[in-house]
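No sequence on hand, only this structure:
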């Protein structure tokens with residue numbers, strides 16, 4: 001397979017003003033996207049949505065201009081969760097969907113993600129085709145063929161109904177007290193609507209985006225504010241989304257975090273109990289070994305994919321299963337959505353609480369995670385740590401220390417110049433020591 005120049009594991013991402021994250025590039029990218037997705041003889045349209053970072057305005061305009069130059073109509077939906085754009089692309093019968101977002105990254109970063117007409121992430125062949133058009137000269141269609149831009153005014157209402165439609169019609173959240181943390185991001189409007197319309201009593205934080213505060217001290221990557229608010233208000237639970245609304249973590253009434261691994265287990269267990277679990281569960285290389293053991297005890301098949309939702313999706317399709325995800329809270333309920341959807345995943349957990357008439361804390365207690373330590377090492381450039389002989393030797397040495405009672409994993413981040421160093425095992429203090437020793441080696445070799 002030919003290597004890609006611009007696309008990473010989840011679209012194109014980087015720091016504003018550097019590399020591909022410039023208005024000039026986005027103009028050309030819009031045009032290239034239009035060339036790949038338009039169909040002759042039809043009036044073509046592509047949906048553009050974004051999160052709340054300030055650079056979204058800049059890139060939205062640039063992409064719109066490029067698509068118009070290619071002769072493709074544009075439908076703008078403004079700040080909306082990434083999964084909402086996937087849903088609207090599919091139901092609006094658009095040729096493709098474009099998301100302007102850097103997900104959980106700070107506001108200085110931005111990126112572009114694409115969805116096919118079916119609401120699915122693009123495969124490698126399509127991404128390579130887009131890249132091939134980027135190497136060509138931009139040619140504008142005749143004036144009478146230029147694309148037009150319109151706003152979809154009822155986008156939020158459509159998506160709210162989509163989310164509400166994923167739970168049983170007899171289910172209500174009346175009397176449930178929930179704190180929502182929307183990370184000053186793309187869910188800041190739609191998530192409170194969904195949960196309020198289902199009857200829940202809602203407190204909110206992270207719902208005042210100003211273009212510069214997305215993910216800053218709030219959201220799924222910074223849950224401390226949510227924990228404090230849940231304890232302060234005596235809420236039944238808290239729900240935290242990331243900046244673009246495809247990741248979720250939760251907090252129980254005791255202020256304890258419930259991460260993606262635990263949420264996936266809760267959903268799988270409830271579906272099995274209701275005889276609604278199709279096949280097994282897909283995790284990743286980072287999924288806690290305790291999840292695998294707990295699923296095995298219940299006779300639920302489990303496989304690991306490479307880190308990244310596209311690889312989880314590949315395994316779901318390959319096995320004809322419906323549930324998978326990552327410990328970061330990126331959870332795919334393939335029978336409900338075509339991509340990871342934080343709101344829908346949270347609702348699936350609430351279904352479990354409603355069916356079993358119990359608390360999130362009790363559901364979480366059904367599974368025990370093994371001690372796991374993860375540290376990130378910032379490096380000069382993206383590299384594969386397993387190509388470094390010094391690091392490979394150090395890994396082998398640390399695995400011997402674990403003596404078959406744990407595992408070690410080193411991997412490069414797909415979106416940032418980071419090496420993720422992880423270990424897990426029965427002995428927590430030993431696991432911490434293993435990670436510290438490996439971090440020292442990685443810093444010496446690559447930082």
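Now that the structure is in, tell me what you want to look at. No experiment lies behind these values; they were computed from the predicted model shown.

buried set for stretch 327-338?
Going by neighbour count (16 or more other CB atoms under 10 Å), the buried part of stretch 327-338 is 327-334, 336-338. No exception for glycine: its C-beta is placed from N, CA and C like everyone else's.

same question, stretch 11-24
Across stretch 11-24, burial judged by 16+ other CB under 10 Å covers 11-14, 16, 20-22.

show me where this structure has helices.
In the chain, the helices defined using DSSP state H lie at 23-37, 55-69, 82-91, 124-134, 155-164, 190-197, 224-233, 260-273, 289-297, 309-319, 342-356, 360-364, 389-402, 428-446.

So what would you say the end-to-end distance of stretch 94-106 is?
End-to-end span of stretch 94-106 (CA to CA, to the nearest Å): 30 Å.

Let me see the mean pLDDT of it.
The average pLDDT within stretch 94-106 is 96.

now do stretch 13-23
Confidence over stretch 13-23 (mean pLDDT, whole number) is 95.

what's in contact with that stretch?
6, 12, 25, 29, 55, 58-59, 61-62, 102, 105, 108-112, 415 (CB atoms under 8 Å, 6 or more residues apart in numbering).

about what we covered before: to residue 144, which of the helices of the chain lies closest?
Comparing the helices of the chain by their distance to residue 144 (CB to CB), the top pick is helix 55-69, with 12.5 Å.

out of the helices of the chain, which comes closest to residue 212?
Nearest to residue 212, of these and by CB to CB, is helix 55-69 at 10.2 Å.

Just want the angle from the closest one to helix 23-37.
If you take axes from the mean of the first three to the mean of the last three CA atoms, to 10 degrees, helix 55-69 sits at 50 degrees to helix 23-37.

still on that earlier bit, right, and the helices of the chain - which one's nearest residue 118?
Each of the helices of the chain was scored for nearness to residue 118 using CB to CB, and the closest is helix 82-91 (6.0 Å).

Tell me the buried residues in the closest one?
By 16+ other CB under 10 Å, the buried positions in helix 82-91 come out as 82-90.

Run through who's touching it.
Residues contacting helix 82-91 (CB under 8 Å, 6+ apart): 47, 49, 51, 77, 80, 94, 96-99, 101, 103, 113, 115-120, 152, 155, 158-159, 162, 186, 190, 244-246, 337-344.

Pull the distance from that helix to the chain's centre.
Distance of helix 82-91 from the chain centroid (CA atoms, centre = their mean, to the nearest Å) equals 14 Å.

how much does it deviate in direction from helix 190-197?
Using the same axes, to 10 degrees, helix 82-91 lies at 80 degrees relative to helix 190-197.

where does the stretch 301-447 of the chain dip in pLDDT?
Applying pLDDT under 70 to the stretch 301-447 of the chain picks out residues 415.

rerun that using 80 as the cut-off
Residue ranges of the stretch 301-447 of the chain with pLDDT under 80: 382, 404, 414-416, 447.

before we move on, the earlier item: could you flag which of the contacts of helix 82-91 are buried?
Neighbour-count burial (16+ other CB under 10 Å) is assigned, among those, to 47, 49, 51, 77, 80, 94, 96-99, 101, 103, 113, 115-117, 119-120, 152, 155, 158-159, 162, 186, 190, 244-246, 337-344.

can you redo the buried residues of stretch 327-338 as a markdown table with distance to residue 309?
Below are the buried residues of stretch 327-338 laid out as a markdown table (distance: CB to CB, whole Å):
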| residue | distance to residue 309 |
| --- | --- |
| 327 | 13 |
| 328 | 10 |
| 329 | 11 |
| 330 | 5 |
| 331 | 9 |
| 332 | 7 |
| 333 | 12 |
| 334 | 11 |
| 336 | 15 |
| 337 | 11 |
| 338 | 11 |
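
Out of the residues you listed, the closest to residue 208 would be?
Of all the buried residues of stretch 327-338, residue 208 sits closest to residue 329, with 22.2 Å by CB to CB.

how about that closest one, what does it touch?
The contact partners of residue 329, by CB under 8 Å, 6+ apart, come to 220, 242, 247-249, 259-260, 263, 342, 345.

ok, 6 Å please
For residue 329, the contact set (CB atoms under 6 Å, 6 or more residues apart in numbering) comprises 220, 247-249, 260.

cool, and residue 380?
Residue 380 makes contact with no residue, according to CB under 6 Å, 6+ apart.

count of neighbours near residue 170?
6 (other CB atoms under 10 Å).

Could you report the pLDDT at it?
Looking at residue 170, the pLDDT reads 95.

and it, how far is that from residue 193?
Residue 170 is 21 Å from residue 193, where distance means CB to CB, to the nearest Å.

Kindly report the same for residue 57.
Distance of residue 57 to residue 193, given as CB to CB: 23 Å.

So which residues of the stretch 101-250 of the chain form strands?
Using DSSP state E, counting those that start in this stretch, the strands of the stretch 101-250 of the chain run over residues 109-116, 149-151, 177-181, 201-205, 237-241, 248-252.

Highest mean neighbour count out of the ones you listed?
Among those, ranked by average contacts under mean count of other CB atoms under 10 Å, first place goes to strand 237-241 (a mean of 29).

Excluding its own residues, what touches that strand? List them.
178-183, 187, 219-220, 223, 226, 230, 248-252, 342, 346, 360.

Residue 268: which of the contacts of residue 329 is nearest?
Of all the contacts of residue 329, residue 268 sits closest to residue 260, with 12.3 Å by CB to CB.

pLDDT score assigned to the closest one?
So residue 260 comes in at 97 (pLDDT).

mind checking how far the residue nearest to it when sequence neighbours are not counted is from residue 341?
Closest residue to residue 260 apart from its sequence neighbours, by CB to CB, 6 or more residues apart in numbering: residue 329 at 4.0 Å. For residue 329, the distance to residue 341 equals 11 Å [CB to CB].

And for residue 269?
For residue 269, the distance to residue 341 - CB to CB - is 20 Å.

will you turn the contacts of residue 329 into JSON lines that also has distance to residue 445?
Shown next, in JSON lines, are these (distance: CB to CB, whole Å):
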{"residue": "220", "distance to residue 445": "31"}
{"residue": "247", "distance to residue 445": "31"}
{"residue": "248", "distance to residue 445": "35"}
{"residue": "249", "distance to residue 445": "32"}
{"residue": "260", "distance to residue 445": "30"}
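
ok, which pair from those is furthest apart?
Farthest pair in the contacts of residue 329 (CB to CB) is 220 and 260. Separation: 8.9 Å.

Wait, residue 406 touches residue 425, no?
Yes - Residue 406 lies in contact with residue 425 (CB atoms under 6 Å); the separation is 2.1 Å.

so how far is stretch 226-235 from its chain's centroid?
Its chain's C-alpha centre and that of stretch 226-235 lie 25 Å apart, by CA atoms, centre = their mean.

Could you list the buried residues of it?
Of the residues in stretch 226-235, those buried (16+ other CB under 10 Å) are 226-227, 229-230, 235.

got these as CSV, with pLDDT and distance to residue 42 columns?
Converted to CSV, those look like this (pLDDT from 0 to 100; distance: CB to CB, whole Å):
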residue, pLDDT, distance to residue 42
226, 98, 46
227, 98, 51
229, 98, 49
230, 98, 50
235, 98, 50
